[in-house]
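Asker: Provided below for reference: sequence and predicted model.
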Amino acid sequence: MKSGLRVAVVGATGAVGREMLQVLSDRHFPCASVRAFASPNSVGKLLDFGEDTLRVESLESISDPSVFDLALFSCGSERSLVWAPRFARSGCIVIDNSSAWRNHDKVPLVVPEVNAQDLDDASLGVIAVPNCSTIGLVQAIAPLHRNQPLRRVVVTTFQSVSGSGRKGIEELDRQTRQLFNAQGTEPKVYPKRIAFNVLPLIGEPDVDGYTAEERKLMTETLKILGDDQIQVIATATRVPVFVGHALSVVVEPVKAIDVDDARALIADHPGVLVTDAESVMNAPTPEDIAGEDLTLVGRVRRDPSSETGLALWIVSDNLRKGAALNAVQIAETMIQRRLLAPKHKGRQETQ
């Protein structure tokens with residue numbers, strides 16, 4: 001048997017689950033074994049994993065989760081609330097991509113380049129991956145916040161259909177083909193047609209007019225940055241793009257940061273690339289980011305409506321850094337911090 005961790009990928013047939021398998025392979029993650037789990041409807045499907053092929057198993061078939069060292073979850077909040085504690089109680093580290101655990105006081109919400117230290121306090125054995133748009137946002141604004149604390153953040157997202165999973169991708173593809181062939185379209189996934197359109201809501205708004213997607217940005221940002229005094233307002237929209245989320249952001253630090261200094265702070269942050277430093281027309285787009293691991297930033301400029309405000313544009317791959325890659329990076333960081341190792345007789349080994 002190969003040395004390394006015994007890994008379970010739960011929700012392996014979804015868009016993020018498949019990307020998790022791809023990222024594990026791409027990064028040569030130290031796996032002794034990898035098993036793919038999904039709903040009963042997907043049992044028996046074959047998935048590529050590097051040069052190997054995995055046969056999908058039913059999550060319900062697991063009688064003893066202690067056979068795993070690490071479980072990467074992307075199976076939705078409802079199933080995560082049931083299954084993540086079962087894995088964690090067995091000594092398996094769970095890294096969950098749903099929103100189920102993000103606001104739990106004892107569950108770290110982690111972007112490794114921003115708050116890796118929070119992994120030291122994962123007492124429940126569960127670590128949450130932030131919302132896909134939140135990850136790109138905090139990567140870009142964290143270095144600004146460390147230089148001068150931010151008092152206000154205004155963010156508008158332009159989120160691709162892959163944020164809705166495979167069904168969102170299929171709906172955009174189907175509607176685009178129908179319109180090019182002069183056929184009518186019927187929305188099934190979204191409340192209105194997504195092809196050649198922009199939807200100003202992602203989900204139902206609450207009594208104050210904000211959707212759950214917007215609330216995630218407004219709460220998760222504070223938890224990751226460790227500052228509940230920041231005021232965040234978000235508008236989340238859906239756009240007819242297959243992969244890649246873009247964000248238009250305005251921040252207000254307590255004291256002004258020079259534009260060149262701000263650009264340099266962002267460029268020096270791990271996992272971030274400022275693309276238009278040499279050419280102003282090279283601001284990033286979703287086309288640039290698909291399949292990439294970095295978060296791209298451009299159009300850093302002064303906000304003339306505010307004494308200290310700065311505006312910027314952020315783009316990231318919502319399936320990779322916005323989900324699968326961040327999950328795997330959390331696991332890699334836990335290995336580096338000696339928080340994750342192969343188990344022996346149901347407990348994590350430490351050296």
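Answerer: Noted; the coordinates are in hand. Numbers count the residues shown, from 1 in each chain.
Asker: going forward, measure contacts and count neighbours with C-alpha atoms only.
Answerer: OK.
Asker: any idea where the helices of this protein begin and end?
Answerer: Ranges of helices in the chain, per DSSP state H, are 15-26, 77-89, 112-115, 132-147, 166-180, 212-225, 259-267, 286-289, 325-336.
Asker: show residues contacting the fifth one.
Answerer: The contact list for helix 166-180 (Cα atoms under 8 Å, 6 or more residues apart in numbering) reads 14-15, 161-162, 184-189, 193-196, 240, 242.
Asker: can you select the buried ones among those for me in ChimeraX?
Answerer: Restricted to buried positions by 16 or more other Cα atoms under 10 Å, the ChimeraX selection for those reads:
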select :14,15,161,162,185,189,193,194,195,240,242
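Asker: export stretch 258-278 as PDB, just CAs?
Answerer: What follows is stretch 258-278, C-alpha atoms only, in PDB (Å, rounded to 0.1, in the frame of the first residue of the first chain):
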ATOM      1  CA  ASP A 258      -1.600  55.400  -2.100                       C
ATOM      2  CA  VAL A 259      -2.800  53.600  -5.300                       C
ATOM      3  CA  ASP A 260       0.700  52.400  -6.200                       C
ATOM      4  CA  ASP A 261       1.200  51.100  -2.600                       C
ATOM      5  CA  ALA A 262      -2.100  49.400  -2.700                       C
ATOM      6  CA  ARG A 263      -1.300  47.700  -6.000                       C
ATOM      7  CA  ALA A 264       2.100  46.600  -4.600                       C
ATOM      8  CA  LEU A 265       0.500  45.200  -1.400                       C
ATOM      9  CA  ILE A 266      -2.000  43.200  -3.400                       C
ATOM     10  CA  ALA A 267       0.700  41.900  -5.800                       C
ATOM     11  CA  ASP A 268       2.900  40.700  -2.900                       C
ATOM     12  CA  HIS A 269       0.100  38.700  -1.400                       C
ATOM     13  CA  PRO A 270       0.400  34.900  -2.000                       C
ATOM     14  CA  GLY A 271      -1.900  33.500  -4.600                       C
ATOM     15  CA  VAL A 272      -2.700  36.800  -6.200                       C
ATOM     16  CA  LEU A 273      -1.600  38.300  -9.500                       C
ATOM     17  CA  VAL A 274      -2.100  41.900 -10.600                       C
ATOM     18  CA  THR A 275      -2.400  41.600 -14.300                       C
ATOM     19  CA  ASP A 276      -2.500  45.200 -15.500                       C
ATOM     20  CA  ALA A 277       0.500  46.700 -13.800                       C
ATOM     21  CA  GLU A 278       2.300  47.200 -17.200                       C
END
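Asker: what average pLDDT does it get?
Answerer: Averaged across stretch 258-278, the pLDDT comes to 96.
Asker: hey, which of the helices of the chain is tucked in deepest?
Answerer: Comparing the helices of the chain by mean neighbour count (mean count of other Cα atoms under 10 Å), helix 132-147 ranks first with a mean of 23.
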